[in-house]
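J.: mind folding the following:
(one chain, ligands or ions: 1)
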Amino acid sequence: MIEVRELTKSFARHTAVKGIDFSVQKGEIVGFLGPNGAGKTTTMRMLTGYLPPTSGSATIAGFDIFRQSLDARRCIGYMPENVPLYEDMRVREFLRYRASLKGLNNRDAKRRVNEVIETCGLEGVRRKMIKVLSKGYRQRVGLADALVHEPQLLILDEPTNGLDPNQIRQIRDLIKRLSENHTILLSTHILHEVEMTCGRVIIIDGGQIKAQDTPQNLVAGMRAAGRVHAEISGDSGVIAPALQRMDHVKRVTHEIVEGDWSHYEILVDSGTDARERIHELASQYGWPLRSLHRKDPTLEDVFVELTRRD
Ligand SMILES: Nc1ncnc2c1ncn2[C@@H]1O[C@H](COP(=O)(O)OP(=O)(O)OP(=O)(O)O)[C@@H](O)[C@H]1O
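T.: Prediction:
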């Protein structure tokens, strides 16, 4: 459904997307993740034909997004990060207007607007002015707009941005339902949401793809490199370097939790478990140790590991 090859976008002084390659197969729901400024929106805007690339190529359902832009766009429902809505229009009127802009004749527009109003749970607000709607309802109107011309592919840029937990859940459930008959590429900063909705994840940072796999495989890959958490009392200026000097320790980070107690996170080589050695070290130097355990990594740990700056 999406084929991206060597796609690059340079602005005056800055290359935002640096020769990325990825594919999305029909029926997939793919999370597009990255820290602020990673290049997600720039990539999505190129895929949807709003921004010309500097070099590289991309096809949507076999159509070249630059040479066959109209055909490609017909296959895409795009919901940008800040959904542009006409505040003084009523919901149904706005969707009818958008449907006609997208080339639907009157009869199809009427039918589709009724369908997307139902799909997106907008029945109760169909006659309301957009300016009086809550952020959650506005996002649903944005989704209804993206869906109105029956696209096969949905490209959603942070669809749950700024929503409260209940609204996030409602939009997430809606996206899950839509995934039954759409291919979806969505960006978000809520990694827990990705673990629940997406079959595959692409992580981008600094305009380059750092990883792409199922959330389960990414987490399993990380599990191989052990991560131990310990709470130890004492001078962290002495304890952290001592932990760092142990065999197979890759990195030690720490933060004060209360008083003299600090929480240490110790990343060790795959296949090793540092817990016994940490316990021995604490006994040897008389450091009070009140907690020592391995933590199963989450997608958030994978994300931080791949995109950390320090
Ligand atoms: N029109 C533009 N002119 C110049 N630089 C731009 C332009 N649009 C984006 N950039 C820069 O390109 C980089 C990537 O931006 P982009 O908006 O794609 O990131 P993002 O991953 O979507 O971030 P966020 O999570 O904050 O939305 C940033 O450094 C941004 O400042």
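J.: tell me where the stretch 201-310 of the chain has helices.
T.: Counting by DSSP state H, counting those that start in this stretch, the stretch 201-310 of the chain has these helices, from start to end: 215-224, 236-244, 275-285, 299-307.
J.: deepest of those helices, which one?
T.: Among those, helix 299-307 has the highest mean neighbour count (mean count of other Cβ atoms under 10 Å), at a mean of 19. Where C-beta positions appear, they are placed from N, C-alpha and C, glycine not excepted.
J.: could I get the helices of the stretch 201-310 of the chain in a markdown table, plus columns for distance to the ligand and mean pLDDT?
T.: Formatted as a markdown table, the helices of the stretch 201-310 of the chain follow (distance: least, Cβ to the nearest ligand atom, whole Å; pLDDT from 0 to 100):
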| stretch | distance to the ligand | mean pLDDT |
| --- | --- | --- |
| helix 215-224 | 19 | 78 |
| helix 236-244 | 32 | 96 |
| helix 275-285 | 37 | 94 |
| helix 299-307 | 11 | 85 |
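J.: format those as TSV; extra columns: distance to Gly199.
T.: Converted to TSV, those look like this (distance: least, Cβ to Cβ, whole Å):
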stretch	distance to Gly199
helix 215-224	8
helix 236-244	38
helix 275-285	34
helix 299-307	13
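J.: list the contacts of the lowest-mean-pLDDT helix or strand in the chain.
T.: Sorting the helices and strands of the chain by mean pLDDT, DSSP states H and E puts helix 215-224 at the bottom, at a mean of 78. Helix 215-224 is contacted from outside by 31, 194-195, 198, 200-201, 203, 211, 213, 270-271, 296-299, 301-302, 305, using Cβ atoms under 8 Å, 6 or more residues apart in numbering.
J.: let me know the angle separating that helix from helix 299-307.
T.: 70 degrees (axes from the mean of the first three to the mean of the last three Cα atoms, to 10 degrees).
J.: that older thread, mark which of the contacts of helix 215-224 are buried, thanks.
T.: Among these, those classed as buried by 16 or more other Cβ atoms under 10 Å are 31, 194-195, 198, 200-201, 203, 211, 297-299, 301-302, 305.
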